[in-house]
Every structure is written in C-alpha cells, then in structure tokens.
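Student: next come a sequence and a model predicted from it.
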Amino acid sequence: MTQPIVLHGCFVTGTDTEVGKTRISAALLHWCVSQGWRSAGFKPVAAGLELADNRWINADVQALRQAGSVPLNDAEIGPCQFKAACAPHLAAAMEGRVIDFDSLLRAARQLARRSDALIVEGVGGFVVPLGADKDTADLAQALGLPVVLVVGLRLGCINHALLTAESVRARGLRLAGWVGNTVDPDMPWVDDNLATLRDLLMARHGAVGLGWVPRLLDPSPQTILSHLDPAALRQVFER
Ligand SMILES: Nc1ncnc2c1ncn2[C@@H]1O[C@H](COP(=O)(O)OP(=O)(O)OP(=O)(O)O)[C@@H](O)[C@H]1O
Ligand SMILES: [Mg+2]
C-alpha cells in the first residue's frame, strides 16, 4: 500500500451519491478537532456550484471548511470545482477542462503538511471516473488513507455496501469503518438490515460499525457525532 500522507485521516466514500458523505465527514472533522488535532477537510473534485453573495460556491466545500480547524480557502479545500452537478468528467467536459489527477494529489499533500488529520470526501460512490484513465478509487489508493464507508440506509443498501467494500479491499485499502446513515426514514426492518451489515462487513472486511444516524431535523456535526461511537472512531484514526 502507498505510504499515507498524513498522521490521522480517512477517505470517506459512500454507497452512492447523496447518502450523507458530507454530513458524516463534517462530523468526523468535528471529532478530530475535539482530539486537539489540526483538522482539515478535502473535497478533491466537486461538481455543483451555486451563486451566493455574488460568489460561486460549493456546499460540500463550505461544510468541510466550517467543521475543520485549519484556516483554508475554498480552492485549498476544493481545488477542482465545476458548475454542473453531474458526473465530474462530464462536468469538466462541459467547461472544456480536464481533471488533472496529479494536481489533486499535490493539493492533498499541501493540506496534509498543515494538518494532523485530513478527512477526504470522495465523489459520488467509490469508482467514479475522473477522466479517461483515472477514477476516484485511484485517488483513494494514491492517498493511502483508511476508508470509511457511508451506507445510505434504504432498500438495496446491503448489496451496495458489500460491492463497495470488495472494491475498496481490491485496491489494497483498509476499510476501517462504516456508518449507517438514514436516507429512507420509512425503510422497513432497519434493525435487521443493520445487523446484517454489521456481521458481514466485520466478518468479510474487518470493518467496524461506527454508528447509526437517524434522519435528523438538525444534521449538524455535533448532533451526528452524538450518534457515533468514540471507541470505534479511535480505531479508525489510530496508526
Ligand atoms: N442523517 C441525516 N438527517 C437529515 N438529513 C441528512 C442526513 N444525512 C444527510 N442529510 C441530508 O441529505 C442530503 C445529502 O447529504 P450529503 O450532502 O451529506 O450527501 P453526499 O453523499 O455528501 O452527497 P454528494 O454525493 O452530492 O457529495 C443533504 O441535504 C444533507 O443535509
Ligand atoms: Mg457531499
């Protein structure tokens, strides 16, 4: 495996897009800050900008900045941002741009030099194309960080979680932990699904369950963190 670039950190992936990666990443950052670590979020590729106060901003980048403790500007947290909220290689093509893989790694290393903990939020699911010959799994592999999987709890999530776990392990990465995040609050048999995820992800991949997050009125880092297990978090971040 590639040498990790930072003392503590993880690469947060998900079973899909919109499953809570940003919310969980912000909560993990909040926990890292509470450990006294200089903590930075990183969103290597962000697709989807909105206009706020005459400035184009990406919501994920803003959330990661607010949760971290290293003073960083938008371009440092999100070095590669596109306007359209779609697959990144398509968003790039719409703007006549390409995603420069090596510059993403340089940006990550720059953040790592200024941080004790780096939380990298992936893009969409685990294997998202970043161009003709690279994808987000290559990025996770090059960063060498343990992976945390956000499982969006809804029908079909067990299969998606196991497929993702296999893919993470096939890249030689440690699947350090997983979080069940409620996407469908009406999902039937949630407890049974969680028990199955807990058993299979541990037995097959050694991945620790970090917690179950209900659908919250206030999905702030503090509130989400109150649903995660501190002892399990320590296992993810220990070296
Ligand atoms: N547990 C929760 N309770 C309430 N709302 C949540 C919860 N988890 C996520 N959300 C909301 O669901 C939406 C998607 O979450 P989030 O942006 O974290 O997903 P994501 O996986 O980062 O998406 P993307 O793939 O676009 O980066 C957001 O509006 C977020 O506030
Ligand atoms: Mg996100």
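Tutor: Received it, and whenever you're ready, just let me know what you need. Ligands and ions are numbered 1, 2, ... in the order given.
Student: show me which residues of this protein are close to ligand 2?
Tutor: 21, 22, 60 (C-beta under 5 Å from the ion). Glycine gets a C-beta too; all of them are placed from N, C-alpha and C.
Student: just to check, the second one is in contact with residue 62?
Tutor: Think residue 22. No: applying C-beta atoms under 8 Å as the test, residue 22 and residue 62 come out as separate, 9.5 Å apart.
Student: if you count surrounding residues, which of those two has more?
Tutor: Using other C-beta atoms under 10 Å, the more surrounded residue of residue 22 and residue 62 is residue 22, with 24 against 17.
Student: hang on, the more buried one in a strand?
Tutor: No: secondary structure of residue 22, determined by DSSP: H, G, I helix; E, B strand; the rest coil: helix, with no strand assignment.
Student: just the pLDDT for it.
Tutor: If you check residue 22, the pLDDT there is 98.
Student: which residue packs closest to it, ignoring adjacent ones?
Tutor: With C-beta to C-beta, 6 or more residues apart in numbering as the criterion, residue 22 has its nearest non-adjacent residue at 4.7 Å, and that residue is residue 60.
Student: cool, residue 154 as well?
Tutor: Leaving aside its sequence neighbours, residue 154 sits nearest to residue 184 (C-beta to C-beta, 6+ apart; 3.9 Å).
Student: wait, what's in contact with that neighbour?
Tutor: 153, 154, 155 (C-beta atoms under 8 Å, 6 or more residues apart in numbering).
Student: could you measure it against residue 157, distance?
Tutor: Using C-beta to C-beta, to the nearest Å, residue 184 is found at 9 Å from residue 157.
Student: what comes up buried for whichever strand or helix holds residue 158?
Tutor: Applying DSSP states H and E as the criterion places residue 158 in helix 157-170. Neighbour-count burial for helix 157-170 flags 157, 158, 160, 161, 162, 164, 165, 167, 168, 169 (criterion: 16 or more other C-beta atoms under 10 Å).
Student: right, I'll leave it there.
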